[in-house]
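S.K.: What shape does this take:
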Amino acid sequence: MTKGCMDLAKLERKLIAAARQNPPSEQVPHTFEQRLLARLRACPVVDHWALWSQALWRAAAPCVGVMLLLGAWWWFSPARNLPANDLSQELESTVLAAAEQEPPPDLSR
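M.R.: Residues are numbered from 1 along each chain as shown. The predicted structure follows:
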């Protein structure tokens, strides 16, 4: 925001409250209203989408750098050459472990 600009709704409420307390007089310059409104309209409007876009583009380069570092770490790690565990087989044996258990003994005797 530029210097001298503030929340327009808040400023409008303050100006209307001040105008109600002070009736207009003949001492006000002829184009005062137009100059004041032109200055208020000249205040820049904050574009939130542009701010998000800038932040995301600035974050893209560090994210790519981190991705490259982690990829290189994985590529050159000694654990990469070990035989891979089959995750599907481990999951299946874990899920079916409960089904393969023997039923509990009958306690109603």
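
S.K.: Look up how far residue 71 lies from residue 11.
M.R.: 53 Å (Cβ to Cβ, to the nearest Å). C-beta coordinates here come from the backbone N, C-alpha and C atoms, glycine included.

S.K.: Comparing those two, which shows the higher neighbour count?
M.R.: Between residue 11 and residue 71, counting by other Cβ atoms under 10 Å, residue 11 is the more crowded of the two (13 against 10).

S.K.: Quickly find the element holding the residue nearest to that one when sequence neighbours are not counted.
M.R.: Counting by Cβ to Cβ, 6 or more residues apart in numbering, residue 11 lies nearest to residue 40, which is 7.2 Å off, once chain neighbours are set aside. Assigned by DSSP states H and E, residue 40 belongs to helix 32-41.

S.K.: tell me the mean pLDDT over that helix?
M.R.: For helix 32-41, the mean pLDDT works out to 84.

S.K.: returning to that earlier point: give me the number of residues near the residue nearest to residue 11?
M.R.: Here the count is done by other Cβ under 10 Å, and residue 40 has 15 residues near it.

S.K.: low-scoring stretches of this protein, by residue?
M.R.: 1-6, 80-84, 100, 102-105, 107-109 (pLDDT under 70).

S.K.: Let's see that with 80 instead.
M.R.: Within the chain, the stretches with pLDDT under 80 are 1-7, 23-30, 78-87, 97-109.

S.K.: ok, the residue nearest to residue 11 to residue 17 distance?
M.R.: For residue 40 relative to residue 17 (Cβ to Cβ), the value is 16 Å.

S.K.: what's the answer for residue 57, then?
M.R.: Counting by Cβ to Cβ, the gap from residue 57 to residue 17 is 43 Å.

S.K.: residues in contact with the residue nearest in space to the middle of the chain?
M.R.: The residue lying closest to the centre of the chain (Cα atoms, centre = their mean) is residue 52, at 7.4 Å. When the contact criterion is Cβ atoms under 8 Å, 6 or more residues apart in numbering, residue 52 has no partners at all.
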